[in-house]
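S.K.: Quick one: sequence plus predicted model below, questions after.
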Number of protein chains: 2
Amino acid sequence: MPTFRLTIAYDGTAFVGWQRQAEGTSIQGLLETAIGDLDGRDVMVVGSSRTDAGVHALGQAASVTLARTIDGPTLVQAVNVRLPPAVRVLEASEVPASFNARFDAKAKTYRYRILNDEVVPPFDQPYVWHVPSPRLDVEAMAEAARVFEGRHDFSAFQAAGSSTVTTTRVVFSATVIEEPSPWGGARLVVFEIRGDGFLRHMVRTMAGTLVEVGRGARPPAWTAEVLESRDRGKAGRNVPPSGLVLVGVEYEPT
Amino acid sequence: MPTFRLTIAYDGTAFVGWQRQAEGTSIQGLLETAIGDLDGRDVMVVGSSRTDAGVHALGQAASVTLARTIDGPTLVQAVNVRLPPAVRVLEASEVPASFNARFDAKAKTYRYRILNDEVVPPFDQPYVWHVPSPRLDVEAMAEAARVFEGRHDFSAFQAAGSSTVTTTRVVFSATVIEEPSPWGGARLVVFEIRGDGFLRHMVRTMAGTLVEVGRGARPPAWTAEVLESRDRGKAGRNVPPSGLVLVGVEYEPT
């Protein structure tokens, strides 16, 4: 009964999100079907993060226990042939049976990509949020993002109606940089955040808040006010899922 | 009656190619419909290159003459709202009425991208040809590609059944490099070629020939033999269109 940690990349465009739903295709559902087919029985795949509909991943992590004996590289190949090309298992490493991708995660990194240029190059289009104008002030956004670093109650950035045991999280780093798009050099503004966990819609609401600063509607110090208010009504809007990518998940070495 | 040079990017996956066909959606057809709609009459859009079905472009060039007076940036915006997101006009510059994107092109650059790694990251999948193994010998491929440089009769790399006035072309540079994919660092082997013009299937057949060298089936010097033979039967196969991108087209300054 080997247990594996899977590293998974997906283009979330066509899916209802990570988690199995009553209707629509989920990443978890695709993986459970593929691995169940391979293992000859129903399996449960536990993801580190329940990414929303339309959100992408370069390095989602998940755990699964199989009945059959199999090595990591063989598992990767056998699962990938049973998945659509938009979902790929990049790696499978055997871990102790006690490993749980959700509860054992120590840090996660998300990236929110804003295409801040007139025209969206077609190859970038599924993986950005398009803000054609004004030209966003990256310095001001970077200054505003630094406010998120540290241990805080992030209630102001949580989806309305969420219930979680605690709304306190630790953000290890929060940066905003400008870079050319990999395709044709359009201007990308990239918000990257690494923390011990994230509330529902937290990264997208932070991105929406930073864009208010970037377009000059608010000063950088406004982010601190929003954070301290713990009031969801004060933050920016929850911006589109297409711009969000789960970059990676970190665990203690096993 | 202003004439414009358009710079166009497209994801060719869903299209029958640049040129209008009896059936299916072409890039030229989409542009002619969009610009004709804007101009209130039928227009003809002349492309620099008739890219095949499934081939992509970062910088295709085209010329078009309009009845109405309009400036470049307004034309870009007005055309893009009439196109699917997979096709974008990046730029429109007014040029002399005599300008013809096909006959005035001085140089074109194509890139052929081979994903030479076990797993294809989902974001790269539409824009590569997947060669999972063996690990291609990039040095040998680069040496083989240099043979293409200069003025040569490229009959050996032309699609069977083509008829062109001359099969002689000048290749200014032909390189092969290795680079990480922009998404997650899978190994990409990239063949880039700049020349004054290309025969039908020439770049893809060259790529297929270079891969024979890269996987060790042939020595680098074999490329010279193939070139000198002028025999299509000697070259490698015409590899998939998904890996090919028209990077840019050059003209004399106007």
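M.R.: That came in fine, so what should we check first?

S.K.: Buried residues of the longest strand seen in chain A, list them for me.
M.R.: Ranked by residue count, the top strand of chain A under DSSP state E comes out as strand A:168-180. In terms of neighbour count (16 or more other CB atoms under 10 Å in any protein chain shown), strand A:168-180 has its buried residues at A:169, A:171, A:174, A:175, A:176, A:178. The way it works is simple: take the backbone N, C-alpha and C, and place the C-beta from them, glycine included.

S.K.: same question, stretch A:224-239
M.R.: Neighbour counts using 16+ other CB under 10 Å place A:226, A:227, A:232, A:235, A:236, A:238, A:239 of stretch A:224-239 among the buried residues.

S.K.: Which one of these is nearest to chain B?
M.R.: Taking CB to the nearest CB as the measure, chain B lies nearest residue A:239 of the buried residues of stretch A:224-239, at 17.8 Å.

S.K.: Excluding covalently adjacent residues, which one is nearest to the closest one?
M.R.: Once flanking residues are discounted, residue A:239 sits nearest to residue A:208: 4.3 Å by CB to CB, 6 or more residues apart in numbering or on different chains.

S.K.: if we can go back for a sec, ok and the helix or strand following the longest strand of chain A relative to strand A:168-180, angle-wise?
M.R.: Using DSSP states H and E, the helix or strand that directly follows strand A:168-180 along the chain is strand A:187-195. Relative orientation of strand A:187-195 and strand A:168-180, computed by axes from the mean of the first three to the mean of the last three CA atoms, to 10 degrees: 160 degrees.

S.K.: Residues in contact with strand A:187-195: which ones?
M.R.: Applying CB atoms under 8 Å, 6 or more residues apart in numbering or on different chains, the contact partners of strand A:187-195 are A:107-117, A:124, A:128, A:131, A:135-136, A:138, A:141, A:145, A:148, A:169-181, A:203, A:206-207, A:210, A:214, A:247.

S.K.: so who does the residue in the stretch 51-200 of chain A positioned nearest to chain B touch?
M.R.: Using CB to the nearest CB, the closest approach of the stretch 51-200 of chain A to chain B is made by residue A:182 at 3.6 Å. With contact set as CB under 8 Å, 6+ apart, residue A:182 has these partners: A:123, A:124, B:182.

S.K.: can you redo the residues you listed as CSV with distance to residue A:81 and pLDDT?
M.R.: Shown next, in CSV, are these (distance: CB to CB, whole Å; pLDDT from 0 to 100):
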residue, distance to residue A:81, pLDDT
A:123, 26, 93
A:124, 29, 93
B:182, 25, 82
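
S.K.: ok, of the residues you listed, which one's closest to residue B:161?
M.R.: Ranked by distance to residue B:161 (CB to CB), the contacts of residue A:182 are led by residue A:123 at 32.0 Å.

S.K.: before we move on, back to that, starting from the longest strand of chain A, tell me which strands it pairs with and how they run.
M.R.: Strand A:168-180 pairs in its sheet with strand A:150-153 (antiparallel), strand A:187-195 (antiparallel), by DSSP bridges.

S.K.: if we can go back for a sec, quick one: which two of the buried residues of stretch A:224-239 are the most distant?
M.R.: Longest span within the buried residues of stretch A:224-239, CB to CB: A:227 and A:239, 17.6 Å.

S.K.: Can you tell me the SS state at residue A:162?
M.R.: coil (DSSP: H, G, I helix; E, B strand; the rest coil).

S.K.: That one - nearest residue in space that isn't next to it in sequence?
M.R.: Residue nearest to residue A:162 in three dimensions, not counting chain neighbours: residue A:200, with 4.8 Å by CB to CB, 6+ apart.

S.K.: burial count for residue A:202?
M.R.: Residue A:202: 26 surrounding residues under other CB atoms under 10 Å in any protein chain shown.

S.K.: okay if I get the buried residues of stretch A:224-239 as CSV plus secondary structure and pLDDT?
M.R.: Formatted as CSV, the buried residues of stretch A:224-239 follow (DSSP: H, G, I helix; E, B strand; the rest coil; pLDDT from 0 to 100):
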residue, secondary structure, pLDDT
A:226, helix, 96
A:227, helix, 97
A:232, helix, 90
A:235, coil, 92
A:236, coil, 91
A:238, coil, 94
A:239, coil, 97
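
S.K.: would you turn the residues you listed into TSV with distance to residue B:1?
M.R.: Output for the buried residues of stretch A:224-239, formatted as TSV (distance: CB to CB, whole Å):
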residue	distance to residue B:1
A:226	54
A:227	58
A:232	56
A:235	52
A:236	47
A:238	48
A:239	43
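
S.K.: Just the closest of those residues to residue A:33, please.
M.R.: Closest approach to residue A:33 among the buried residues of stretch A:224-239 (CB to CB): residue A:238, at 30.1 Å.

S.K.: In this structure that closest one contacts residue A:205, no?
M.R.: Yes. Counting by CB atoms under 8 Å, residue A:205 is a contact partner of residue A:238 at 5.0 Å.
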